[in-house]
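S.K.: Have a look; sequence and predicted model below, questions after that.
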Amino acid sequence: MGRGFWVVVRELAGVVKNFGARPVLRGVDLSVAAGEVIGVLGTNGSGKSTLLRILAGVSKPSGGTASGRPRTGYVPDRFPARQRMSALSYLCHLGRISGLSTAEARRRAGGWLERFALAGGPDAPLRDLSKGNAQKVGLAQALLPEPDLLVLDEPWSGLDAGTRAVLTEVVGESAARGAAVVFTDHRPDLVRTTATRAHRLVDGRLQPLGSEVPTCRILLRGGTDEEWSGVVARRGDDVELEVAVAEREALLLEAIRRGCAVISVDSRVGR
Ligand SMILES: Nc1ncnc2c1ncn2[C@@H]1O[C@H](COP(=O)(O)OP(=O)(O)OP(=O)(O)O)[C@@H](O)[C@H]1O
């Protein structure tokens with residue numbers, strides 16, 4: 001794989017993904033070039049993980065094309081690490097599968113676990129790891145083969161402050177050595193500061209950040225059990241929605257119809 005800016009490592013053209021009759025991606029075009037860091041924002045259920053699975057090559061589009069076969073490291077939104085084996089043994093095993101010698105796999109795996117400060121050390125059994133520590137092993141397995149494309153699904157979530165900073169450094173270093181990085185997150189500020197290019201996934205399509213319609217956040221409490229679209233977060237009885245400013249009045253009327261209390265309407269727009 002050639003290195004350097006504008007070498008496209010992976011390209012999605014008109015990618016559609018349906019689950020049953022339900023379209024989640026409706027025509028996504030995305031060129032991913034070596035050395036760039038692409039951030040993807042989107043509300044819960046907007047299809048970010050679906051998009052990243054297709055980019056990582058672990059899921060096939062229902063329509064359109066996904067081309068390029070870079071060496072890929074992928075961190076899914078939930079890292080499944082239920083095995084009895086230690087973090088180090090697990091990573092060494094994956095390293096050998098990806099073609100590394102045992103000694104090299106051990107050296108790299110140990111290095112990543114130390115850098116991410118895995119609690120319990122490299123011999124900690126996978127199934128005993130907390131969510132954040134399992135996430136560190138997930139990151140280490142993705143970084144192990146020095147991928148040309150790093151696909152990270154909400155990689156900062158669940159990490160402590162120190163490890164979040166290390167991960168930000170690692171993303172920068174990966175791009176500097178010529179890897180492409182694509183990540184998702186829910187925080188527009190983090191996406192803006194970390195990515196060289198940022199998008200928002202809306203209605204199954206990618207929009208460059210900044211070109212999207214202005215939105216506002218509305219916090220509702222209680223009401224009927226009907227599903228909302230545009231959910232950003234749920235806390236107990238509270239649901240936080242992000243909606244286009246143009247739809248604000250209609251949504252507030254709907255909230256009243258459903259018997260919800262309107263706790264706040266955040267007037268910051270265009271995020
Ligand atoms: N394997 C599947 N089968 C059926 N529906 C699915 C499957 N995977 C995802 N979906 C649906 O596709 C939609 C998009 O899901 P996805 O996980 O991609 O969203 P997301 O933007 O990553 O959400 P979140 O921010 O909550 O992680 C959701 O409605 C989800 O229920």
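M.R.: That came through fine.

S.K.: CA atoms for contacts and neighbours, from now on please.
M.R.: Fine.

S.K.: Contacts only, for the residue of the stretch 51-200 of the chain found nearest the ligand.
M.R.: The minimum distance from the stretch 51-200 of the chain to the ligand, using Cα to the nearest ligand atom, falls at Leu51 (6.5 Å). Taking Cα atoms under 8 Å, 6 or more residues apart in numbering, we find Leu51 in contact with Leu25.

S.K.: Let me see the mean pLDDT of the helix or strand harbouring it.
M.R.: For Leu51, the host element (DSSP states H and E) is helix 48-56. What helix 48-56 shows for mean pLDDT is 97.

S.K.: quick one: it to chain centroid distance?
M.R.: 8 Å (Cα atoms, centre = their mean, to the nearest Å).

S.K.: May I ask which helix or strand of this protein has the lowest mean pLDDT?
M.R.: Taking mean pLDDT, DSSP states H and E as the measure, the helix or strand of the chain with the lowest value is strand 231-235, at a mean of 84.

S.K.: Against which helices or strands is that one packed?
M.R.: Secondary-structure packing of strand 231-235 (3 or more Cα pairs under 8 Å, 6 or more residues apart in numbering; DSSP states H and E): strand 238-244.

S.K.: Strand 231-235 and the strand it packs on, what's the angle between them?
M.R.: Angle between the axes of strand 238-244 and strand 231-235 is 170 degrees (criterion: axes from the mean of the first three to the mean of the last three Cα atoms, to 10 degrees).

S.K.: Any residue of strand 238-244 touching the ligand?
M.R.: No. Shown here: strand 238-244 not in contact with the ligand (Cα under 6 Å from any ligand atom), separated by at least 12.6 Å.

S.K.: Low-confidence bits of this protein, can you list those?
M.R.: Scanning the chain for pLDDT under 70 picks out the ranges 1-6, 80-81, 210-213, 267-271.

S.K.: got the residues of the stretch 1-150 of the chain near the ligand?
M.R.: Residues of the stretch 1-150 of the chain lying near the ligand (Cα under 6 Å from any ligand atom): Phe19, Val24, Gly42, Thr43, Asn44, Gly45, Ser46, Gly47, Lys48, Ser49, Thr50.

S.K.: Of those residues, which count as buried by neighbour count?
M.R.: Val24, Gly42, Thr43, Ser46, Gly47, Lys48, Ser49, Thr50 (16 or more other Cα atoms under 10 Å).

S.K.: In which helix or strand does the third one reside?
M.R.: Per DSSP H and E: Thr43 is located in neither a helix nor a strand.

S.K.: do the same with the first one
M.R.: Counting by DSSP H and E, the secondary-structure element that holds Val24 is strand 22-33.

S.K.: Show me what that strand is packed against.
M.R.: Using 3+ Cα pairs under 8 Å, 6+ apart: strand 22-33 touches strand 8-19, helix 48-56, strand 205-208.

S.K.: Output those in a markdown table; the columns should cover distance to Gly178.
M.R.: Shown next, in a markdown table, are the helices and strands packed on strand 22-33 (distance: least, Cα to Cα, whole Å):
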| stretch | distance to Gly178 |
| --- | --- |
| strand 8-19 | 11 |
| helix 48-56 | 17 |
| strand 205-208 | 23 |
